[in-house]
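Participant: my questions are about this predicted structure, shown below with the sequence.
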Amino acid sequence: MKSDVQIASEAKMVNIKEIAAKIGLTEDDIEQYGKYKAKITAKAREKLQSKPDGKLILVTAINPTPAGEGKTTTTVGLGQAMAKIGKKAIIAIREPSLGPVFGMKGGAAGGGYSQVMPMDEINLHFTGDFHAITSANNLLCAMLDNHIYHGNELNIDPARVIIKRTLDMNDRALRRITVEIGENETRNESFMITVASEIMAILCLSESLSDLKEKLGNILVAYDKDGYPVYSRQLKADGAMAALLKNAVDPNLVQTIENTPCIIHGGPFANIAHGCNSVIATRTALKLGDYCITEAGFGADLGAQKFFDIKCRKSGLIPSAVVLVVTVRALKYNGGVQVADLSQENLDALNKGICNLTTHIENLKNYNLPVIVAINHFYTDTESELAFIKEHCETMGVPAVVSKAFALGGEGAEKLATKLCEICNSNNANFKLLYNNELSIKDKIETIATKIYRAGRVEFNPDAKEAIKGIEKLGYANLPVCIAKTQYSLSDDPKLLGAPKGHTINIRDIYVSAGAGFIVALAGKILTMPGLPKRPSAERINIDDNGNISGIF
């Protein structure tokens, strides 16, 4: 099997104008970024409003191994397969972060013969959206510290500054820094990775440029010395920030390796943010196709739960079905097998680890949506292992279909696409949310922890308890909750694999993202600025004299 980079380099891309034409967009509806990338303009999106929506399909997964298990590959393969069976489908996914690209995970544009193109550009600077978000965020931080330096009219308490600077890179050295705010006066601060920032969440939850600007003004940046909140709009930063994001708010149109359309926009992490692409991109895809195939990051306990209870709650989007991606490898990993041994047949470990799949299926049924399991095929999978998973899913009343999208592209996912269309057209979806807005902050967290993570209890440390009181006092208790926790386990302990039950979820801190419109709860040892591994992917990435990039995969 060729590497992803080799496959991508041999693919024959067509001009993005041709991709746009396939979905009914004219040259005036897009703003081109070279031959193969474009943004869909606001005027084009306005013209689409009278069109009916297609069906919304969410692709999620079980808890992954450290290497990732092919959720984006399955998403892209499904979009390609839909075209092969004569369906008009638009893929809508997130943009990759430079953190994982240069860190441990590598790129995030699919894999094998189910990739989005141009994969090297998408994984690097793309159309500059993340740089714009980073710049807007750091402009706000600079204006806040400058305000304090020049007299502090708003009486901001330097010890109670909430907004953090950002960088779209893993850099543990930036977890604790000192900022100079005056002559011989400093304050402590820290960076977070751009994809965990509130501005990333705001971009992904906004409905328009004007909505984006309003949300930017609502960012809670600090408290004054009397304990009152200070917002971005009071620093008069919202207009300049929106100006920096003028182009970033428009979704990006690209193509798959089989020249089918894909919209990529936004990229919040699912373990430390809400994990979904932008509402604007999803709405656009729903207008342009009969099916919108989107994804949510990491396992269903994170990405899917946040997709439903944050993105769908705030936007009114209603999904028709869920595709749950599983691999033999990931189940054996959850059954206790080391990563180096995952290629060997092990039905005993598969039997032990399949409880993780069971829990995710049960959790998704909480939302009253039909579920189909996609078994993302690896060449080391045996027929016995694949049959074991299929039989298990049958006992739960859920269909399971093997997808070979990595090796065969759209052709390898045709059976999955056909079964998915059948499920969508059965109209068995009766979508409901997990909890009501009226629940207290504590009750919302406990509902997610007990019903999704299967915890026995939630422990709130003193800082979290005080934070809840402050958020309630500000009037934000009715907002949904975004729990930041490890992606490797249903618990907050990455080493607790399988399907743990009765464990304790430890909430160490809570803060409100008032602009984005949700509350963030930090569970366990999760960090908002990741570090690089001992052997980062960056060591393998290179470029030759002709400008060809290697090593991203």
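Facilitator: Looks like it arrived, so ask away.

Participant: which residues touch the residue nearest to M200 when sequence neighbours are not counted?
Facilitator: Leaving out its chain neighbours, the residue that sits closest to M200 by C-beta to C-beta, 6 or more residues apart in numbering is P268, at 5.0 Å. (Each C-beta comes from the backbone N, C-alpha and C, glycine too.) By C-beta atoms under 8 Å, 6 or more residues apart in numbering, the contact set of P268 is 94, 195-196, 200-201, 204, 274-276, 297.

Participant: most neighbours of all those residues, which one?
Facilitator: Neighbour tally across those (other C-beta atoms under 10 Å): the maximum, 33 neighbours, falls on C276.

Participant: quick one, what contacts that residue?
Facilitator: Applying C-beta under 8 Å, 6+ apart, one finds that C276 lies in contact with 94, 204, 266, 268, 270, 294, 296-297, 303, 306-307, 310-311.

Participant: mark which of those residues are part of strands, please.
Facilitator: By the criterion of DSSP state E, membership of the contacts of C276 in strands covers T294.

Participant: considering the contacts of C276, which is situated nearest to N351?
Facilitator: Distances from N351 to the contacts of C276, taken as C-beta to C-beta, are shortest for G303 (26.1 Å).

Participant: how near is the closest one to Q487?
Facilitator: With distances taken as C-beta to C-beta, to the nearest Å, G303 is found 9 Å from Q487.

Participant: between these two, which one's more packed in?
Facilitator: Per other C-beta under 10 Å, whichever of G303 and Q487 has more neighbours is G303, with 28 against 22.

Participant: quick one: that one from P268, how far?
Facilitator: 10 Å.

Participant: between those two, what contacts are shared?
Facilitator: Joint contacts of G303 and P268 (C-beta under 8 Å, 6+ apart) are 275-276, 297.

Participant: L479: what's it in contact with?
Facilitator: 437, 512, 517-519.

Participant: next step: those restricted to strands.
Facilitator: Under the assignment DSSP E, the contacts of L479 contribute 512, 518-519 to strands.

Participant: now the buried members of these.
Facilitator: By neighbour count, with 16 or more other C-beta atoms under 10 Å, the ones in strands among the contacts of L479 hold 512, 518-519 as buried.

Participant: just those now: which is nearest V254?
Facilitator: F518 (28.8 Å).

Participant: so that closest one bridges to which residues?
Facilitator: F518 forms beta bridges with S513, as assigned by DSSP bridges.

Participant: read off the pLDDT value for it.
Facilitator: F518 is assigned 97 on the pLDDT scale.

Participant: how much space between it and D211?
Facilitator: 15 Å.

Participant: now do S114
Facilitator: Distance from S114 to D211, by C-beta to C-beta: 33 Å.

Participant: ok so, going back, need the overlap of contacts for G303 and Q487.
Facilitator: 270, 297.

Participant: past the host helix or strand of I423, which element shows up next along the chain?
Facilitator: Per DSSP states H and E, I423 falls inside helix 414-425. Following the chain from helix 414-425 toward its C-terminal end, the next helix or strand by DSSP H and E is helix 441-451.

Participant: ok, now which ones touch the closest residue to F126 other than its chain neighbours?
Facilitator: In space, F126 comes closest to E95 once its chain neighbours are excluded; the distance is 5.9 Å by C-beta to C-beta, 6+ apart. When the contact criterion is C-beta under 8 Å, 6+ apart, the partners of E95 are 122, 126, 129-130, 252, 264-267, 277.

Participant: closest to H503 among those residues?
Facilitator: Using C-beta to C-beta, those come closest to H503 at G267, 30.0 Å.

Participant: tell me the pLDDT of that closest one.
Facilitator: On the pLDDT scale, G267 is placed at 91.

Participant: and the residue nearest to E10 when sequence neighbours are not counted, which of the three is it?
Facilitator: Closest residue in space to E10, ignoring its immediate chain neighbours: K2 at 7.8 Å, by C-beta to C-beta, 6+ apart. Recorded secondary structure, K2: coil (DSSP: H, G, I helix; E, B strand; the rest coil).

Participant: what's the offset of stretch 53-68 from the middle of its chain?
Facilitator: 10 Å (C-alpha atoms, centre = their mean, to the nearest Å).

Participant: pull out the CA atoms of it and give them to me as PDB.
Facilitator: Listed next in PDB are the C-alpha coordinates belonging to stretch 53-68 (Å, rounded to 0.1, in the frame of the first residue of the first chain):
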ATOM      1  CA  ASP A  53     -32.400  21.000   3.700                       C
ATOM      2  CA  GLY A  54     -30.900  17.600   3.000                       C
ATOM      3  CA  LYS A  55     -30.500  15.000   5.600                       C
ATOM      4  CA  LEU A  56     -27.900  15.500   8.300                       C
ATOM      5  CA  ILE A  57     -25.700  12.500   9.100                       C
ATOM      6  CA  LEU A  58     -23.200  12.500  12.000                       C
ATOM      7  CA  VAL A  59     -20.100  10.300  11.800                       C
ATOM      8  CA  THR A  60     -18.600   9.600  15.300                       C
ATOM      9  CA  ALA A  61     -16.500   6.800  16.800                       C
ATOM     10  CA  ILE A  62     -15.600   4.700  19.800                       C
ATOM     11  CA  ASN A  63     -12.700   5.700  22.000                       C
ATOM     12  CA  PRO A  64      -9.600   5.700  19.800                       C
ATOM     13  CA  THR A  65      -6.200   4.300  20.300                       C
ATOM     14  CA  PRO A  66      -3.300   6.900  20.400                       C
ATOM     15  CA  ALA A  67      -2.900   6.500  16.600                       C
ATOM     16  CA  GLY A  68      -6.500   7.400  15.700                       C
END
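
Participant: buried sites along it?
Facilitator: 54-65, 68.

Participant: want to throw those into TSV with pLDDT and distance to E258?
Facilitator: Shown next, in TSV, are the buried residues of stretch 53-68 (pLDDT from 0 to 100; distance: C-beta to C-beta, whole Å):
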residue	pLDDT	distance to E258
G54	96	20
K55	97	21
L56	98	22
I57	98	18
L58	98	22
V59	98	18
T60	97	23
A61	96	23
I62	96	27
N63	92	30
P64	85	25
T65	83	28
G68	68	22
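
Participant: how about N546, phi and psi?
Facilitator: Backbone geometry at N546, expressed as degrees, to the nearest 10, gives phi -100, psi 10.

Participant: and what of D348?
Facilitator: Dihedral angles (degrees, to the nearest 10) for D348: phi -70, psi -50.

Participant: ditto for S320
Facilitator: Backbone dihedrals for S320, given as degrees, to the nearest 10, come out at phi -100, psi -30.

Participant: relative to M117, how far out is the nearest residue to it once chain neighbours are set aside?
Facilitator: The shortest distance from S320 to any non-neighbouring residue, by C-beta to C-beta, 6+ apart, is to K55 (4.1 Å). Going from K55 to M117 by C-beta to C-beta gives 25 Å.

Participant: show residues contacting stretch 199-207.
Facilitator: With contacts defined as C-beta under 8 Å, 6+ apart, stretch 199-207 is touched by 129-130, 133, 136-137, 140, 166, 194, 212, 215-216, 219, 241, 245, 248-249, 265-268, 273-274, 276-280, 283, 310-311, 314-315, 513, 515-518.

Participant: got the buried residues for the longest helix seen in the chain?
Facilitator: The longest helix of the chain (DSSP state H) is helix 129-149. Within helix 129-149, the residues that qualify as buried are 129-138, 140-141, 143-145, 147-148, counting by 16+ other C-beta under 10 Å.

Participant: sweet, I'm off.
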